[in-house]
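In: Can you look at this prediction? I've put the sequence above it.
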Amino acid sequence: MRRFILPFLIFFVFISEGMFSHLVHFSFAQDGQLFVPRFVLIVIIFVSVYLTRTQGMLLGLVFGLLHDIVYIEVIGIYLITYALIAYLISKVMKVLHKNIFIVLFLTILSVALLEYYVYGVNYLIGATDMSMYNFTALRLLPTLALNAVVAIIFIYPISRFLTKIKIEESED
């Protein structure tokens, strides 16, 4: 039963991410600004850091595919990106310490890489004609701000939860 807690938690985060987009509106946002929640990616990064690379990549594949199926027409964009980011984060963390500030920095960097990758793919296939300046000003910076705040709020409880799971897995 304990092995299903983490996938259910990430599934709940996936549902919350979709609801957040529709329910939360920022009064200080300018016209055209998009605040894109990337909560699932944040949790997958935390899993890759505090548990194992395999779990992070597997959850990245599953929830990336789920994101592709539910939200976009092109299958594979998030599937590949979530798993690749989980892999790269786990490799980087072998060199760096598991300091909370480093994890937060890598999380924000990962969200930026995901946004640039998705923008690039959409630009290449003609799904968007937004200029790089407009993308950066209207989508990237608000998205980074939102996800940085969420990562700062949830890093401590999620890291403790994942550390507890790791200890329980090592005892079994």
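Out: Cool, the structure landed.
In: Helices along the chain, start to end?
Out: Per DSSP state H, the chain carries helices over the ranges 5-23, 39-50, 53-71, 77-95, 100-125, 132-134, 141-171.
In: Could you pull up phi and psi at the nearest residue to Arg139 once chain neighbours are set aside?
Out: Excluding the flanking residues, the one nearest Arg139 by CB to CB, 6 or more residues apart in numbering is Leu34, at 4.6 Å. C-betas here are computed from N, CA, C, even on glycine. Leu34 adopts backbone torsions of phi -120, psi 130, taken as degrees, to the nearest 10.
In: how close does Leu34 get to Leu84?
Out: 23 Å (CB to CB, to the nearest Å).
In: residues in contact with the spatially most central residue of the chain?
Out: Residue closest to the mean C-alpha point of the chain, counted by CA atoms, centre = their mean, is Leu41 at 1.5 Å. Residues near Leu41 by CB atoms under 8 Å, 6 or more residues apart in numbering: Tyr82, Ile85, Ser110, Val111, Leu114.
In: hmm, 10 Å instead?
Out: Contacts for Leu41 (CB atoms under 10 Å, 6 or more residues apart in numbering) come out as 13, 17, 60, 63-64, 67, 78, 81-82, 85-86, 107, 110-111, 113-114, 147, 151.
In: So how do I select the buried members of the residues you listed in ChimeraX?
Out: For the buried members of the contacts of Leu41, the matching ChimeraX selection, counting by 16 or more other CB atoms under 10 Å, is:
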select :13,17,60,63,64,67,78,81,82,85,86,107,110,111,114,147,151
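In: And the closest residue to Gln55 other than its chain neighbours, how far from Leu162?
Out: Once flanking residues are discounted, Gln55 sits nearest to Val47: 5.6 Å by CB to CB, 6+ apart. From Val47 over to Leu162 the distance is 6 Å, taken as CB to CB.
In: any weak-confidence spans in the chain?
Out: Within the chain, the segments meeting pLDDT under 70 span 1-2.
In: Recalculate using a threshold of 50.
Out: For the chain, applying pLDDT under 50 flags no range at all.
In: can you tell me which residues contact the closest residue to Phe135 other than its chain neighbours?
Out: Take Phe135 and drop its neighbours on the chain: the residue closest to it by CB to CB, 6+ apart is Tyr119, 5.3 Å away. By CB under 10 Å, 6+ apart, Tyr119 lies in contact with Ala127, Thr128, Met130, Met132, Phe135, Thr136, Arg139, Leu140.
In: Rebuild those as TSV, extending it with distance to Met93 and neighbour count.
Out: Putting the contacts of Tyr119 into TSV (distance: CB to CB, whole Å; neighbours: other CB atoms under 10 Å) gives the following:
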residue	distance to Met93	neighbour count
Ala127	33	14
Thr128	33	16
Met130	33	15
Met132	30	12
Phe135	29	19
Thr136	28	16
Arg139	28	20
Leu140	24	19
